[in-house]
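**Q** how would this look folded up:
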Amino acid sequence: MNAKTKGYLLGAIAAATYGMNPLFALPLYKNGMDPTSVLFFRYLFAMAILGIMIKARGRTFRIVRKEVVPLIVMGLLVALSSLTLFLSYNYMAAGIASTILFVYPILVALIMALFFKEKITLQTVICILFALGGIALLYRGDDGATLSTMGVLLVMVSALSYAIYIVGVNQSSLKQMATVQMTFYVLVFGFVLFLVCSRFGTALTLPTRWYLWGNLIALAALPTAVSFICTTQAVQYIGSTPTAILGALEPVTAVIFGVTLFGEPLTPRLVLGMVMIILAVTLIIAGGSITTQLVRFRKLFPKLLRQRH
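**A** As a prediction, this is how the structure comes out:
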C-alpha cells in the first residue's frame, strides 16, 4: 500500500470515527452530564490510552523546546473545537450540528490558498460543491424551524478551530513529530482547558449508571484517540485539503447509525445525499489521475484537436 492510499484510508477512518461523537455523547447528556464533564473524561481517558501506546512501543515522552508552543496552540484549538461542538448539541440536534460542521473543508481550502498560496483547482471546487450538496440533502430539519443563532455560532467556531488545527499540523514544526506522541501532547494541553472550566474537577458531573462509563471510554478511544491519530497521519500523507474533504464521511456515519441503530427511515433523499458525498470523496481520491485520463481521451481524437487550432 503506497503512501497516498494510506492517507486516503486514514482520512476516511478519521472522518467515520469522528462522526461517532453524538452516538456516545447524547446518552451522557440525557443522564445529566454537562459538556465540560463529558469532555474532561473523554480527554483524560484518551490521554491514558495514548500514554499506554507510547509506553508499549518503547517510545519516549520527551519533546524538544521548539515543539512546546505549537503543541500548546494545537491542543487549545482541538479543545476549543470539541467544547464548542458539544455545547452546540444543547441548542440544536446533533445531526444538524454535524452537518454545519462540514464547512471546515472550505475553511481549510481558503486558509491554504490565502496564507500558503495553495492553488484551488476546479476539481477541488467541484468536490466541495458535491459534498456540500450531499450534506444539504442529509439535513432534515423540521418544516419552518429556525436554527439557533447561538448553536450555529458555536459550530462555526468549532469548524474554524478544527480547520486551523488541520492546517497547523502540516505547516508547523510538528510535521516531523511522531504521530502518537504529538496527539498525546495535543490532548494533554487541550485537557488543561477542561480542567479550568471544571474548576479543577470540583464542578464535574458523573454518570449515574455504571454502563455509561463505557460511553466515555468509547468517546476517548474512537472519536478522540483513533480519529486524531488518523487525521494527523492523513494530513502528513496527502495534505490538509484532501483530508478535510474526506471529512464528508462524518455526517454519512451519523445517518448510517441513525438508520441501523435508531430505526430512522432511509429515504431516497438520504440515499442521494450519501451518493453525492461518496462521489466527492471518490473525486478527491482520484486526484490527478482524472486529468491524466482526460488528456489520454483527447489524444484519441487528434483530428478534433487540429480542427480546433
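
**Q** C-alpha from now on. contacts and neighbour counts both.
**A** Noted.

**Q** can you classify Arg199 by secondary structure?
**A** Recorded secondary structure, Arg199: coil (DSSP: H, G, I helix; E, B strand; the rest coil).

**Q** do Pro265 as well
**A** Pro265 ends up coil, using three-state DSSP.

**Q** which residue, neighbours along the chain excluded, lies closest to it?
**A** Val259 (6.1 Å; Cα to Cα, 6 or more residues apart in numbering).

**Q** secondary structure element holding that neighbour?
**A** Using DSSP states H and E, Val259 maps to helix 249-262.

**Q** helix or strand next in line after that helix, which one?
**A** Scanning forward in sequence from helix 249-262 by DSSP H and E, the next helix or strand is helix 268-286.

**Q** can you list contacts of that following helix?
**A** With contact meaning Cα atoms under 8 Å, 6 or more residues apart in numbering, helix 268-286 is reached by 8, 123-124, 126-128, 130-138, 242, 245-246, 248-249, 252, 290.

**Q** apply 6 Å and report the result again.
**A** With contacts defined as Cα atoms under 6 Å, 6 or more residues apart in numbering, helix 268-286 is touched by 127, 130-131, 134, 137-138, 246.

**Q** point out where the stretch 1-150 of the chain drops to low pLDDT.
**A** 138-147 (pLDDT under 70).

**Q** swap in 90 and give it another go.
**A** 1-5, 8, 15-16, 18-23, 25-26, 57-62, 64-66, 89-149 (pLDDT under 90).

**Q** what are the buried residues along the helix holding Val259?
**A** Buried residues in helix 249-262, defined by neighbour count with 16 or more other Cα atoms under 10 Å: 249-255, 257-258.

**Q** what's the neighbour count on the residue lying closest to Gly273 once chain neighbours are set aside?
**A** Sequence neighbours aside, Gly134 is the residue nearest to Gly273 in space, at 3.8 Å (criterion: Cα to Cα, 6+ apart). Gly134 has 27 neighbours, counted by other Cα atoms under 10 Å.

**Q** residues in contact with Gly134?
**A** Contacts of Gly134 (Cα under 6 Å, 6+ apart): 273, 276-277.

**Q** and it, which of the three is it?
**A** Gly134 ends up helix, using three-state DSSP.

**Q** report pLDDT for Glu264.
**A** You'll see Glu264 listed with a pLDDT of 67.

**Q** do Ile164 as well
**A** Looking at Ile164, its pLDDT stands at 94.

**Q** that one: which element?
**A** Using DSSP H and E, Ile164 sits within helix 149-171.

**Q** using CSV, write out every CA atom in that helix.
**A** Listed next in CSV are the C-alpha coordinates belonging to helix 149-171 (Å, rounded to 0.1, in the frame of the first residue of the first chain):
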residue,chain,number,x,y,z
THR,A,149,-28.1,31.6,16.2
MET,A,150,-26.0,30.6,19.2
GLY,A,151,-25.9,27.0,18.1
VAL,A,152,-24.8,28.0,14.6
LEU,A,153,-22.2,30.3,16.0
LEU,A,154,-20.8,27.6,18.3
VAL,A,155,-20.5,25.1,15.4
MET,A,156,-18.8,27.7,13.2
VAL,A,157,-16.2,28.4,15.9
SER,A,158,-15.7,24.6,16.1
ALA,A,159,-15.3,24.3,12.4
LEU,A,160,-12.7,27.2,12.2
SER,A,161,-10.7,25.8,15.1
TYR,A,162,-10.6,22.4,13.6
ALA,A,163,-9.6,23.8,10.2
ILE,A,164,-6.7,25.8,11.7
TYR,A,165,-5.6,22.6,13.5
ILE,A,166,-5.6,20.5,10.3
VAL,A,167,-3.5,23.2,8.6
GLY,A,168,-1.3,23.7,11.6
VAL,A,169,-0.4,20.1,11.8
ASN,A,170,1.0,20.2,8.3
GLN,A,171,2.6,23.7,8.3
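
**Q** give the buried residues for the helix or strand harbouring Leu129.
**A** When elements are assigned from DSSP H and E, Leu129 belongs to helix 122-138. Neighbour-count burial for helix 122-138, counted by 16+ other Cα under 10 Å, picks out 123-124, 127-138.

**Q** noted, bye for now.
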